[in-house]
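Participant: Fold the following for me, if possible:
(one chain, ligands or ions: 2)
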Amino acid sequence: MIRVAIVGITGYTGEELLKILSKHPDVKITGLYGRAASETRDLKNIYPQFEKLNLKIEPLDANKIKENCDAVFLALPHAVAFEIVPQLVNAGVKVIDLSADFRLTNPEVYEKWYKVNHTAKEYIEKSVYGLSELNEESVKQAALLANPGCYPTTIALGLAPAIKNNIVDLKGVIIDAKSGISGAGRKSTQEYFQNEHPNFRAYKIAGTHRHIPEIEQELTVLSGSDVTVTFTPQIMPVERGMLSAIYVNLKKDLSSAQIIELYKEFYKGKPFVNVLDDGLLPAIKDAVNTNMCLIGLKVDKRTGKLIIISVIDNLVKGASGQAVQNMNIMFGLNQTAGLK
Ligand SMILES: NC(=O)C1=CN([C@@H]2O[C@H](COP(=O)(O)OP(=O)(O)OC[C@H]3O[C@@H](n4cnc5c(N)ncnc54)[C@H](OP(=O)(O)O)[C@@H]3O)[C@@H](O)[C@H]2O)C=CC1
Ligand SMILES: CC(=O)N[C@@H](CCC(=O)OP(=O)(O)O)C(=O)O
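Facilitator: Ligands and ions are numbered 1, 2, ... in the order given. This next block holds a predicted model:
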């Protein structure tokens with residue numbers, strides 16, 4: 001059994017991790033942690049649905065995690081865990097970080113976009129970006145796993161086969177992306193439902209969203225040359241789910257069916273990506289509560305563009321499910337364990 005802890009258990013992704021890990025056949029939960037200053041509480045007082053697990057939520061204690069755990073999931077806001085990550089990695093605990101702290105390879109880029117000092121810079125090099133459909137071998141070796149952002153997951157998976165098959169020109173790629181409100185964390189979601197539901201709006205447009213450097217970094221890795229994107233995130237009036245519509249110029253005269261064949265071949269053997277048949281488009285209801293990324297494709301013959309629709313559950317494939325998938329790979333398990 002892999003002994004795991006979840007830090008940030010009171011948050012959305014912490015709860016989702018608990019939901020998945022409590023049913024995982026190879027996992028024993030040995031620690032649930034809240035903030036350092038808070039008191040020990042019964043899990044059932046916060047999540048009555050988990051009463052049968054009979055677990056407690058304790059104040060964060062890195063020494064306890066070092067003693068009791070093989071792996072730890074950090075489900076915390078960015079910049080909160082800089083102090084404990086080095087301690088845990090040095091103690092041989094495998095760290096799976098759901099925040100953006102170790103996703104960007106250049107610390108200056110991180111500091112610019114996240115507007116905080118990175119105080120564990122030497123650990124960036126040691127970290128592995130955990131989009132395992134594209135880099136499973138590196139994930140196998142990871143001691144510190146940077147779990148991808150939700151928007152970047154839809155976009156990198158949506159574009160990877162087209163880039164690798166060299167069928168698209170990445171100049172002028174446009175991404176129109178919609179997220180369920182839980183993407184903003186529990187507190188913002190509560191505020192949204194109190195103050196504006198069922199509103200639907202764009203936010204942080206025109207090169208200002210902090211996922212842009214992550215998206216551009218991963219597309220640049222895939223294509224081998226610098227990529228710049230136009231990214232328009234939007235909040236839709238549902239709790240969870242994410243749909244990215246990606247518009248990119250085709251370099252070759254290919255039909256939708258031909259491109260779908262290339263995509264199916266690229267993701268052959270990847271259990272969590274499903275490329276839909278010609279004529280079908282994914283909807284968020286098909287991905288919610290699953291670890292799947294569903295991809296639909298259509299060529300717009302009039303404009304010469306490929307339109308890619310990439311759909312996930314932001315809390316599962318966009319966060320906690322992908323984190324467990326990565327843990328499975330890091331520990332040599334079947335990557336679907338606990339997730340199907
Ligand atoms: N929600 C999503 O769809 C996705 C989230 N992520 C990332 O995952 C991480 C967690 O997100 P999410 O679960 O949505 O966030 P939430 O806001 O729902 O939860 C955050 C958790 O962190 C704790 N926390 C907040 N501030 C501190 C602090 N200063 N010190 C210690 N603990 C703190 C909170 O405790 P308390 O309850 O006491 O405030 C809570 O347990 C973030 O980095 C987020 O960007 C990544 C992909 C998708
Ligand atoms: C709807 C919504 O507000 N979504 C969040 C998603 C960011 C997120 O989850 O942060 P990281 O993936 O970088 O950790 C946002 O746009 O800020």
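
Participant: wait, is Ile163 part of a strand?
Facilitator: No - the assignment for Ile163 by DSSP: H, G, I helix; E, B strand; the rest coil gives helix, which leaves it out of any strand.

Participant: That one contacts Thr220, correct?
Facilitator: No - Ile163 is not in contact with Thr220 according to Cβ atoms under 8 Å; the separation is 10.0 Å. In short, each C-beta sits where N, CA and C put it, glycine included.

Participant: Neighbour count for the two, which is higher?
Facilitator: For Ile163 against Thr220, the residue with the higher neighbour count under other Cβ atoms under 10 Å is Ile163, and the figures read 18 against 14.

Participant: show me the residues around the more buried one that make contact.
Facilitator: Under the criterion of Cβ atoms under 8 Å, 6 or more residues apart in numbering, the contact partners of Ile163 comprise 170, 219, 222-223.

Participant: again, but for His24
Facilitator: 324, 337-338.

Participant: likewise Gly31?
Facilitator: Applying Cβ under 8 Å, 6+ apart, one finds that Gly31 lies in contact with 4-6, 58, 64-65, 68-69, 72.

Participant: a markdown table for the residues you listed, including secondary structure and pLDDT?
Facilitator: What follows is the contacts of Gly31, written out as a markdown table (DSSP: H, G, I helix; E, B strand; the rest coil; pLDDT from 0 to 100):
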| residue | secondary structure | pLDDT |
| --- | --- | --- |
| Val4 | strand | 98 |
| Ala5 | strand | 97 |
| Ile6 | strand | 98 |
| Glu58 | strand | 95 |
| Lys64 | helix | 95 |
| Ile65 | helix | 96 |
| Asn68 | helix | 94 |
| Cys69 | coil | 97 |
| Val72 | strand | 98 |
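
Participant: Quick check: the farthest pair among these?
Facilitator: Every pair in the contacts of Gly31 was compared (Cβ to Cβ); the two farthest apart turn out to be Val4 and Glu58, at 14.4 Å.

Participant: Who has more neighbours out of these two?
Facilitator: In this comparison of Val4 against Glu58, neighbours counted by other Cβ under 10 Å, the higher total goes to Val4 at 28 against 17.

Participant: From the contacts of Ile163, which land in strands?
Facilitator: Of these, the ones assigned to strands by DSSP state E are Leu170.

Participant: Which ChimeraX command selects the buried ones in the contacts of Ile163?
Facilitator: Provided next is the ChimeraX selection string for whichever of these are buried by 16 or more other Cβ atoms under 10 Å:
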select :170,219,222,223
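
Participant: interface residues of the stretch 51-200 of the chain facing ligand 2?
Facilitator: Taking Cβ under 6 Å from any ligand atom as the criterion, the neighbours of ligand 2 within the stretch 51-200 of the chain are 99-100, 149-150, 179, 181, 183-184.

Participant: my read is Arg240 is in a helix, agree?
Facilitator: No - the assignment for Arg240 (three-state DSSP) gives coil, which keeps it out of a helix.

Participant: Pull the contacting residues for it.
Facilitator: Arg240 makes contact with 180, 182, 288-289, 313-315 under the criterion Cβ under 8 Å, 6+ apart.

Participant: per the record, what domains does the protein have?
Facilitator: The domain map for the chain lists 2-147+319-331, 151-312, with the assignment taken from the TED database.

Participant: Count the neighbours of the residue of the stretch 1-150 of the chain found nearest ligand 2 for me.
Facilitator: When distances are taken as Cβ to the nearest ligand atom, the stretch 1-150 of the chain approaches ligand 2 most closely through Gly149, which lies 3.2 Å from it. For Gly149, the number of neighbouring residues by other Cβ under 10 Å comes to 24.

Participant: before we move on, the earlier item: need the contacts of His24 in TSV (columns: neighbour count and pLDDT).
Facilitator: Putting these into TSV (neighbours: other Cβ atoms under 10 Å; pLDDT from 0 to 100) gives the following:
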residue	neighbour count	pLDDT
Val324	28	98
Ala337	18	98
Gly338	21	98
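
Participant: No more questions from me, cheers.
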